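**Student:** 3D model of this:
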Amino acid sequence: MNSFSKPILKYFLVFSLALAMGMSIWLLPRPAKKEEAITPPINAKEEAGKFIQQASENFFYHEFDQAINNYKKAIAIYEREGKLRTAAKVFESIGDLFKFRRNLKEAEVHYKLAMENHRKNHDLLGEARAMSLAGDLHMERGNFSPAGVWYKKGLGLIKNDPPHLTKALFLENLGHYFWKTENIPEAIVQFTESRETFAALENQMGYEHINAVLNKLRRGQSQNIPAEELVYHNSPVPERKRK
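**Tutor:** I've put the predicted structure just below:
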């Protein structure tokens, strides 16, 4: 990378982060519980943050092997410093990278490593989030059976938790799973719970999106329209911000 392109990339990253923060505030008017992020500030001073920042630059330039190597260096430092929650999130990022490269086997391996590390840290929400990522990996490729297993297992970890965005999205994911597997009554049950969770979070975009989905499914039921003929679409609500 030449000396001219680095400042340009730096400002691009700053702009992207600012945009993401603005979108998050708009989507979630109620202050969310703060989580330990792995995205370091531009010009991070601590060693692990520098490796994460470098990995982000590597990814931007499609230098995937270098990105993975830098992510792993950051993990080693976080584990040495006892920051297991953050280390687990970096495993999720590596899984996302392999998913981007369409290496499904390695993506799932690293999502499972994230689950294991979240479990060691007694972080059920983090473990459930990693399970959701594994479910998404299969769902997006039409592998519905393993997707359903991951979604149900992850929701089982947090089903008794108070309203949370991760929980709302899990319920939505299950709704889409049952929709795609043509179990419309169960899809309606899951979407209804998802809508109520979004309502409790005062997340209007999530609420309105799920309400529109429910209206579509109920109209289809009343008119005896087969599930496969109903238009299927994914949620516009972003699941998380990690990179």
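
**Student:** Spit out the contact partners of residue 198.
**Tutor:** 168, 206, 207, 210 (Cβ atoms under 8 Å, 6 or more residues apart in numbering). For glycine as for every other residue, the C-beta is placed from the backbone atoms N, C-alpha and C.

**Student:** Enumerate the positions of the helix or strand encompassing residue 196 that are buried.
**Tutor:** Per DSSP states H and E, residue 196 falls inside helix 184-200. Using 16 or more other Cβ atoms under 10 Å as the burial criterion, the residues of helix 184-200 that qualify are 184, 187, 188, 190, 191, 193, 194, 195, 197, 198, 199.

**Student:** so which of the residues you listed comes closest to residue 65?
**Tutor:** Nearest to residue 65 among those, counting by Cβ to Cβ, is residue 194 at 38.3 Å.

**Student:** Quick one: mean pLDDT over the helix holding residue 196.
**Tutor:** Regarding helix 184-200, the rounded mean pLDDT is 96.

**Student:** chain center to that helix, what's the gap?
**Tutor:** 19 Å (Cα atoms, centre = their mean, to the nearest Å).

**Student:** Check stretch 124-135 too.
**Tutor:** Taking mean C-alpha positions (Cα atoms, centre = their mean), stretch 124-135 and its chain are 8 Å apart.

**Student:** Touching that stretch from outside, list them.
**Tutor:** Counting by Cβ under 8 Å, 6+ apart, 85, 88-89, 91-92, 95-96, 108, 111-112, 114-115, 118-119, 146-151, 153-155, 157-158, 161, 164, 166, 169-170, 173, 177, 239-240 sit against stretch 124-135.

**Student:** ok now do residue 185, which residues does it touch?
**Tutor:** Residue 185 touches nothing, counting by Cβ under 8 Å, 6+ apart.

**Student:** for residue 94, same thing?
**Tutor:** Residue 94 sits next to 68, 71, 72, 110 when contact means Cβ under 8 Å, 6+ apart.
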